[in-house]
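Trainee: just a sequence and a predicted model for now, questions to come.
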Amino acid sequence: MEDKWNESTNVLQPEDQNYIPRSFLINSKTKEKVLISARKFIIGRSDDCDLTIDDDNISRIHCSINDSDASFILEDLDSTNGTFVDNVRIKKRILKEGDMFSIGGYIYSFHFLDVAKR
């Protein structure tokens, strides 16, 4: 099966121009892969987000994935309907390989890039 990567992420901000992506998400339904292309990767309904999702159950600025060099942290940004990992509503959570999180009607899995295969 051919890899399906999302090409719709926004232009990098100046602080992210030297950022080297180290992880990606997979939409559990469509199997589409989304490269986490910024140190603070914002997910929400707004066109200003790094990943824009058209779903009324997702806030305009819903959550972020933050690359702290030592780990990746999923953080809910005071969304109305919440961010969930393993069906538990979270405020902040360190992501591990294969973790599944849900926002609105969408479920994503988190993965590290295998630099050797790039």
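Mentor: Received, thanks.
Trainee: hey, where'd the strands end up in the chain?
Mentor: 23-27, 33-35, 40-44, 51-52, 63-67, 72-76, 83-85, 88-90, 92-95, 100-103, 106-112 (DSSP state E).
Trainee: name the strands paired with the shortest one and say parallel or antiparallel.
Mentor: It refers to strand 51-52. Paired neighbours of strand 51-52 in the sheet (DSSP bridges): strand 40-44 (parallel).
Trainee: the partner strand - what's its average pLDDT?
Mentor: The pLDDT scores in strand 40-44 average 97.
Trainee: between that strand and strand 72-76, how many degrees?
Mentor: 40 degrees (axes from the mean of the first three to the mean of the last three Cα atoms, to 10 degrees).
Trainee: format the strands of the chain as a markdown table; extra columns: mean neighbour count and distance to Gln17.
Mentor: C-beta here means a position set from N, CA and C on the backbone, and glycine is covered the same way. A markdown table is the format used below for these (neighbours: other Cβ atoms under 10 Å; distance: least, Cβ to Cβ, whole Å):
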| stretch | mean neighbour count | distance to Gln17 |
| --- | --- | --- |
| strand 23-27 | 19 | 18 |
| strand 33-35 | 18 | 15 |
| strand 40-44 | 22 | 14 |
| strand 51-52 | 20 | 19 |
| strand 63-67 | 21 | 15 |
| strand 72-76 | 19 | 20 |
| strand 83-85 | 20 | 28 |
| strand 88-90 | 12 | 30 |
| strand 92-95 | 16 | 24 |
| strand 100-103 | 19 | 27 |
| strand 106-112 | 17 | 22 |
